[in-house]
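Trainee: can't give you the sequence, but here's the structure:
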């Protein structure tokens, strides 16, 4: 049975449940940072998904990227599946700006996390309107 990795549960807020993926928001208000997690038990790499699941992942990733562009108008959209720390397959979608605090370096561990306030979180979820 699929279960979200403990690190993702700890660091993220679940904001939507699409047909293949859970959509998470990294609880760091310094960057618009979303994560797609395919609800497939034991998946560590994209090739662990069936062809149909891989196609659905591409659709959902594209949908998320379009939403991020529409809402946040980033200079650059970083999309990556690393998995060196959290083995469970998850794909980061991060809106980057030339004036963000980590630019042009990667965001991972660059600065201490600044969690969203309840107000910021509600506003972001409303603005983002994450339905499938």
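Mentor: Now that the structure is in, tell me what you want to look at. Predicted model, so just to flag it, every value in this text is computed and none were measured. Numbers count the residues shown, from 1 in each chain.
Trainee: kindly list the longest helix within this structure.
Mentor: Longest helix of the chain, by residue count under DSSP state H: helix 51-72.
Trainee: outside of it, which residues touch it?
Mentor: With contacts defined as C-beta atoms under 8 Å, 6 or more residues apart in numbering, helix 51-72 is touched by 18-21, 23, 32, 34, 36, 38, 40, 46-47, 49, 74, 77, 79, 91, 93, 95, 127-128, 130, 132. Using the backbone N, CA and C atoms, a C-beta is placed for each residue, glycine as well.
Trainee: narrow those to those in strands?
Mentor: In this view, the contacts of helix 51-72 that belong to strands under DSSP state E are 21, 23, 34, 36, 38, 77, 79, 91, 93, 95.
Trainee: filter these to the buried ones?
Mentor: 21, 23, 34, 36, 38, 77, 91, 93, 95 (16 or more other C-beta atoms under 10 Å).
Trainee: the third one bridge partners, please.
Mentor: With DSSP bridges applied, the residues forming beta bridges to residue 34 are residue 25, residue 93.
Trainee: just checking, it touches residue 93?
Mentor: Yes. Between residue 34 and residue 93 a contact is recorded at 4.5 Å, counting by C-beta atoms under 8 Å.
Trainee: list the buried ones in stretch 52-66?
Mentor: 53, 56-57, 60-61, 63-65.
Trainee: ditto for stretch 14-30
Mentor: Within stretch 14-30, the residues that count as buried by 16+ other C-beta under 10 Å are 16, 18, 20-26, 28-29.
Trainee: of all the buried ones among the ones in strands among the contacts of helix 51-72, which two lie farthest apart?
Mentor: Largest separation among those by C-beta to C-beta: 38 and 95, giving 21.5 Å.
Trainee: for the residue nearest to the spatial centre of the chain, which residues are in contact?
Mentor: Most central in the chain under C-alpha atoms, centre = their mean is residue 35, positioned 1.5 Å from the mean C-alpha point. If you count contacts by C-beta under 8 Å, 6+ apart, residue 35 has them with 8, 12, 23-26, 90-93.
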